[in-house]
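Participant: Below is the structure, and that's it, no one-letter string:
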């Protein structure tokens, strides 16, 4: 496991992917701060026209609880794309770079290889969530929003991280799609299908029972007055994550016969 983990970390260090994902979440934090900047002054929002209308449609309140909730919602929505891309890249690159056959021939356990990839994805997601939270806090200080307290900030940061983890768990089936499909495209197709389904099912009112809608609902994307997903929704997320890891591990262990 140690050798597999070091190898995956070396691949990440020599890639541009960490910088691209960090830049994407930097943009996400900046957009959330701009929304709060507009919402804090309705007159300014009206003067900005369409941009002000878009900010009003976000449903966020111009205070620290609303700001942190908006960051969590952005993490849930953008996280499925970014974390899904990370998982797809970690597994799919072995086929695009034609190194999968080399991994299968190594004395290192294939289960360890898969576990190392998922461990790197998990650490990557947590760091991106913390990066978004830190940038959001720094950007929020000059906005002088009301409602700041240590409890509010701690709760908001915790919601961002938990939303990121829930979203990450749902990306494990994309690893299977990238592995069984031997490349990026099948996983990208699965990712967009999951995103589309999450939006439609949530709009129909059944999001609490559909795993891919749960992170956004937990983050409060449905707005005030809507209950967060219950234990069943979180259990479904966990079930998807466990099934994705198990199926991916089984596929890699049987990859010699999958021709």
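Facilitator: Right, received. Where do you want to start? Owing to the predicted nature of the structure, the values given are computational and were not obtained by experimental measurement.
Participant: quick check: longest helix of this structure.
Facilitator: Longest helix in the chain, counting residues (DSSP state H): helix 64-96.
Participant: How far does that one sit from its chain's centre?
Facilitator: Mean-position distance between helix 64-96 and its chain equals 3 Å (C-alpha atoms, centre = their mean, to the nearest Å).
Participant: and that helix, what does it pack onto?
Facilitator: helix 17-39, helix 110-140, helix 150-169, helix 172-180, helix 184-203, helix 214-219 (3 or more C-beta pairs under 8 Å, 6 or more residues apart in numbering; DSSP states H and E). C-beta here means a position set from N, CA and C on the backbone, and glycine is covered the same way.
Participant: of all the ones you listed, which lies closest to residue 236?
Facilitator: For the helices and strands packed on helix 64-96, the distance to residue 236 is smallest for helix 214-219, at 7.0 Å, taking C-beta to C-beta.
Participant: pLDDT of the closest one, averaged?
Facilitator: Mean per-residue pLDDT for helix 214-219: 89.
Participant: which of the residues in that helix are buried?
Facilitator: Within helix 214-219, the residues that count as buried by 16 or more other C-beta atoms under 10 Å are 214-219.
Participant: Tell me which two of these sit farthest apart.
Facilitator: 214 and 219 (9.6 Å).
Participant: Can you tell me which of the helices and strands packed on helix 64-96 is most buried?
Facilitator: helix 214-219 (a mean of 26; mean count of other C-beta atoms under 10 Å).
Participant: residues in contact with the helix or strand following it?
Facilitator: Downstream of helix 214-219, the next assigned helix or strand under DSSP states H and E is helix 231-253. For helix 231-253, contacts defined as C-beta atoms under 8 Å, 6 or more residues apart in numbering pick out 91, 104, 110-111, 113-115, 118, 166, 169-176, 179-180, 208-211, 214-215, 217-218, 258.
Participant: Give me the buried stretch members for stretch 92-104, please.
Facilitator: Buried residues in stretch 92-104, counted by 16+ other C-beta under 10 Å: 92-95, 100, 103.
Participant: Give me the distance between the two termini of it.
Facilitator: Counting by C-alpha to C-alpha, to the nearest Å, you get 14 Å between the two ends of stretch 92-104.
Participant: can you list contacts of that stretch?
Facilitator: The contact list for stretch 92-104 (C-beta under 8 Å, 6+ apart) reads 11, 110, 113, 178-179, 182-184, 187, 252, 255-256.
Participant: nearest to residue 199, of those?
Facilitator: Once C-beta to C-beta is applied, the member of the contacts of stretch 92-104 that ends up nearest residue 199 is residue 187, at 19.1 Å.
Participant: which ones are touching that closest one?
Facilitator: Contacts of residue 187 by C-beta under 8 Å, 6+ apart are 84, 87-88, 91-92, 174-175, 177-178, 181.
Participant: in the chain, which residue is closest to the centre?
Facilitator: residue 79 (2.3 Å; C-alpha atoms, centre = their mean).
Participant: What separation do you get for the residue lying closest to it once chain neighbours are set aside and residue 84?
Facilitator: Spatial nearest neighbour of residue 79, chain neighbours left out: residue 167 (3.8 Å); criterion: C-beta to C-beta, 6 or more residues apart in numbering. Separation of residue 167 from residue 84 (C-beta to C-beta, to the nearest Å): 8 Å.
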